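**Student:** could you work out the structure for the sequence below:
(one chain, ligands or ions: 1)
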Amino acid sequence: MPASSLNLTCTFAFTGVPAFSALWTFLLAASRFSFSFSVFSFFALTDFLTLSRACSFLPLILTVPVPTTPVCYRPIGVVRSPFTEPAQAPRQPQRGAGVEARIELHAGRGFEFALSDIETWRYLWVLFWFHRAESFRAKVRPPRSRTRRGLFATRAPHRPNPVGMSVVELVRVEGLVLHVRDVDILDGTPVLDIKPYVAYSDAVPDAGAGWLGAEAVQDPGPRWHVEFLPRAREQIEFLRSELGADLGTAIRDLLSLGPAPHPYRRIKREGDGFVLSHKSWRARFQVRDQMVEVGALGSGYRARELEAATPGSDSADLSLHRRFVERFGYPGFS
Ligand SMILES: C[S@@+](CC[C@H](N)C(=O)[O-])C[C@H]1O[C@@H](n2cnc3c(N)ncnc32)[C@H](O)[C@@H]1O
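**Tutor:** Model prediction:
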């Protein structure tokens, strides 16, 4: 008997379909195979049938019904945030404290009415689709863990259904736009739903900290590598000798937290790069892959403020800035 026929006979027998098994044996006998072979096949089958009866309950045990029907969501809006790359966004909303964003709801679906009374709530749950997540990973190593963890024990984006949930502070509503604060969500993220954060039911004071509590790992250190180009190094050296302060370390500490435009860290876009403000100084930088490249430092004073200052009577800070500009020129960024 060809292997495929034997397989089929076994399949019929094991799946508890005796009528099919008998029919199959008959067909074998009637076909080009010898009678003795089909008789052998029949006796073999009787064993199979006995076994099949004994095993007929197995499918009940082994087959777990899996709901595979796809569920389809239609986004209700989109997030507009300063974070364009996953590495730029904070890991949880609390760590994005102060970061402002907008949730723009789609027009023409009656959402203006769905928004009424929302301003009575201070915090909202935003359910969204991690549209930039890579594929599902059963084990991940979260930033605060030394070991890999089961995905469902984490908040990582690499989920079988990449649904995210963040509590954000509602600042105000303008038409279909919700101005929110404290986001860890990327720009362009599709929003699936919005619900109020209800402290009396959502806040569970004795919730514990899961493996975070057990491991007590400090939040990870800086993730961004900061590099100073020759001109920036020379300027930092000048300021170190004149100012006695290490501006390079301060700039490195600030930028290693991430280069995203950020009101707290005073980072903004300018031209094809970014500018960090630190006290009265500015640092122009570019971002390449996971690296921040500081090209040049500059004065935070306006050119006319520096010109108007009278040498000898201006403040020590202004005087230092003037000397800096005399040596390196006015950088042309504010
Ligand atoms: C650890 S997740 C937590 C998100 C949410 N608070 C949650 O618990 O579901 C935060 C990270 O998700 C990433 N992220 C945010 N929006 C995303 C998106 N649309 N696609 C992929 N990754 C995203 C960012 O890199 C951010 O650092």
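**Student:** now the nearest residue to Trp224 once chain neighbours are set aside: how far from Val226?
**Tutor:** Closest residue to Trp224 apart from its sequence neighbours, by CB to CB, 6 or more residues apart in numbering: Ser256 at 4.9 Å. (Glycine included, C-beta is placed from N, CA and C.) Using CB to CB, to the nearest Å, Ser256 is found at 5 Å from Val226.
**Student:** count of neighbours near Gly298?
**Tutor:** Residues lying near Gly298 (other CB atoms under 10 Å) number 21.
**Student:** output stretch 270-284 as PDB, restricted to C-alpha atoms.
**Tutor:** Provided in PDB are the C-alpha atoms of stretch 270-284 (Å, rounded to 0.1, in the frame of the first residue of the first chain):
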ATOM      1  CA  GLU A 270      16.300  74.800  14.000                       C
ATOM      2  CA  GLY A 271      17.000  74.400  10.300                       C
ATOM      3  CA  ASP A 272      18.100  70.900   9.600                       C
ATOM      4  CA  GLY A 273      19.200  70.300  13.100                       C
ATOM      5  CA  PHE A 274      18.300  71.100  16.800                       C
ATOM      6  CA  VAL A 275      19.400  73.600  19.300                       C
ATOM      7  CA  LEU A 276      19.700  72.900  23.000                       C
ATOM      8  CA  SER A 277      19.600  75.900  25.400                       C
ATOM      9  CA  HIS A 278      21.600  75.600  28.600                       C
ATOM     10  CA  LYS A 279      21.500  78.700  30.800                       C
ATOM     11  CA  SER A 280      22.600  81.500  28.400                       C
ATOM     12  CA  TRP A 281      24.400  79.100  26.100                       C
ATOM     13  CA  ARG A 282      23.300  77.200  23.000                       C
ATOM     14  CA  ALA A 283      24.500  74.000  21.400                       C
ATOM     15  CA  ARG A 284      23.600  73.200  17.900                       C
END
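**Student:** ok, and the closest non-adjacent residue to Ala89?
**Tutor:** Phe83 is the one closest to Ala89 (CB to CB, 6+ apart), at 4.0 Å.
**Student:** now the one you found: which helix or strand?
**Tutor:** Following DSSP states H and E, there is no helix or strand that holds Phe83.
**Student:** over to Leu320?
**Tutor:** helix 316-328.
**Student:** check Asp193 too.
**Tutor:** strand 190-196.
**Student:** I'd like the average pLDDT over the helix or strand following that strand.
**Tutor:** On the C-terminal side of strand 190-196, the closest following helix or strand by DSSP H and E is helix 199-202. Helix 199-202 carries an average pLDDT of 92.
**Student:** what residues does helix 199-202 touch?
**Tutor:** Tyr123, Trp125 (CB atoms under 8 Å, 6 or more residues apart in numbering).
**Student:** one more: stretch 76-83?
**Tutor:** 88-89, 99-106, 109, 111, 126, 128, 176, 183, 185-194, 260-262.
**Student:** can you report phi and psi for the residue most central in space within the chain?
**Tutor:** Note on the chain: the residue nearest the mean C-alpha position is Pro157, at 4.8 Å, using CA atoms, centre = their mean. Note on Pro157: backbone dihedrals following degrees, to the nearest 10 are phi -70, psi -10.
**Student:** what about it, distance to the ligand?
**Tutor:** 4 Å (CB to the nearest ligand atom, to the nearest Å).
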